[in-house]
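# got a sequence here, can you model it:
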Amino acid sequence: MKPDTVVFDLGGVLVDWNPRYLYGKLIPDKTEREKFLAEVCTHDWNVAQDAGRTIAEAVAEALSRHPDKGDLIRAFYDRFDEMLGGQIQGTVDILERLHAKGTPLYALTNWSAETFPIGRRRFPFLGLFRHITVSGELKLAKPDPAIYRHVLAAAGKPAQACVFIDDSPKNVDAARALGFHAVHFVDPENLGRKLADLGFL
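Purely as a prediction, here's the structure:
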């Protein structure tokens, strides 16, 4: 089946998000900063919020492990907007071109329900999507197959009709296993070529 619909991940594809943008200000020493992000406010700790855990629960859990790091732990969500480096312009340009051509556009993001409104206010291009599936709202996160099926239900399309774009190889693999045309995002130029090969651009 020739795909006619495109599903975008947000973070790392359209949105430049990195906790180092904030913690570079709070912990100037790189070694100490990386130690904090590896042991205190870790990737897995953050993913739990993407999967539905509340920020209050997350902060309490981290404080129980590292009570001496209270100000740094609370900053993760109190100053969340400072981790958003901006939009990835090359990908936004592709999104706008697809929208201008009338391509059905959807988004599937691992993002906390409590912080996603910050993204909505910050990035007007999110209004180009017909539907955005936010993991924290569903309490499901990629690569759980159930969240991909939610997108398909929202789009009213089979997986074979959809291209899925993500910067995480495991999320790409999960989509491909369900029948999506899955593209591992490397950079906007590479994505543009792949979408052109599929007949979208």
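# packing partners of the helix or strand residue 61 falls within?
Counting by DSSP states H and E, the element that carries residue 61 is helix 55-65. Helices and strands touching helix 55-65, by 3 or more C-beta pairs under 8 Å, 6 or more residues apart in numbering; DSSP states H and E, are helix 43-50, helix 70-78. The C-beta positions use only the backbone N, C-alpha and C, and glycine is treated the same way.
# what are the buried residues along the very next helix or strand once past the longest one?
Spelled out, it's helix 70-78. Sequence order places strand 84-87 as the next helix or strand after helix 70-78, per DSSP H and E. For strand 84-87, burial by neighbour count (16 or more other C-beta atoms under 10 Å) applies to 84, 87.
# helix, strand, or coil at the residue nearest to residue 142 when sequence neighbours are not counted?
Nearest-residue entry for residue 142: residue 171, 4.4 Å, with adjacent residues in sequence omitted and distances by C-beta to C-beta, 6 or more residues apart in numbering. Secondary structure for residue 171, judged by DSSP: H, G, I helix; E, B strand; the rest coil, is helix.
# tell me the domain ranges of this structure?
Domain assignment for the chain by automatic domain parsing gives 5-16+84-197, 18-83.
# looking at the ones you listed, which is buried most?
Most buried of those, by mean neighbour count (mean count of other C-beta atoms under 10 Å): domain 5-16+84-197, with a mean of 18.
# returning to what we had before: which ones are touching the residue nearest to residue 142?
Taking C-beta atoms under 8 Å, 6 or more residues apart in numbering, we find residue 171 in contact with 9, 142-143.
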